[in-house]
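**Student:** here's my sequence, what's the structure:
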Amino acid sequence: MMTNTKKNLFDLDELPDYKVAENYSDVRGWDVKDASNRIIGKVDHLLVNKTAERVVYLDVEVDETLIEEGHNTYQIPDSEGVHEFLNKKGEDHLIIPIGMATIDDVNKLVKSNEIDSSTFAKAKRFRKGDDIDFDYELNLVRHYKGDKSIHNSNSVDGFYNREEFINAAQLRNQK
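**Tutor:** Model prediction:
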């Protein structure tokens, strides 16, 4: 059954016409550090929005320790309110908007100076290869920014012009 939801994000590897531009680093395989300099995972994929014609997210395979910390986060009595996300076993990937990451070419590292490990630990994750829907993107950007005012009325068009997506890893379309 086909759904009418248009696929919004593509793995760079799925797009033979696209590659990382020569003057930019291909950060796949690099460690990702949070605001406190803690390794939270490794860059697994670069996610491209075809309309924007550039990488908009880093797909990060999350470090085990962070996943365990995320589970501990949820050992809070129900009386203390609802937590935002519950991750299932095997969900070990999350995305970071490219503009919220700094590329350190010298040390082959990606730094996320705005996001700390507890924010990452509490983020909703997904399984490698899952299609990512726009609601997930919106909720995650809200979560990272601590900004609930980013409204659902945001549409995909223009969303990647937000500051969270302006950056670093540019692409070149080889057509």
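**Student:** got a list of what the residue nearest the centre of the chain touches?
**Tutor:** Most central residue of the chain, judged by C-alpha distance to the mean C-alpha position with C-alpha atoms, centre = their mean, is residue 95 at 1.4 Å. With contact set as C-beta atoms under 8 Å, 6 or more residues apart in numbering, residue 95 has these partners: 47, 57, 58, 59, 60, 132, 137, 140. The way it works is simple: take the backbone N, C-alpha and C, and place the C-beta from them, glycine included.
**Student:** which two among the residues you listed are spaced furthest apart?
**Tutor:** Greatest spacing in the contacts of residue 95, by C-beta to C-beta: 60 and 137 (14.4 Å).
**Student:** more neighbours: which of the two?
**Tutor:** Between residue 60 and residue 137, counted using other C-beta atoms under 10 Å, residue 60 has the larger neighbour count: 26 against 22.
**Student:** tell me what the more buried one is bridged to.
**Tutor:** In this entry, residue 60 is beta-bridged to residue 43, residue 94, by DSSP bridges.
**Student:** surely it meets residue 92?
**Tutor:** No - using C-beta atoms under 8 Å, residue 60 and residue 92 do not qualify as a contacting pair, with a distance of 9.4 Å.
**Student:** thank you kindly, that will do.
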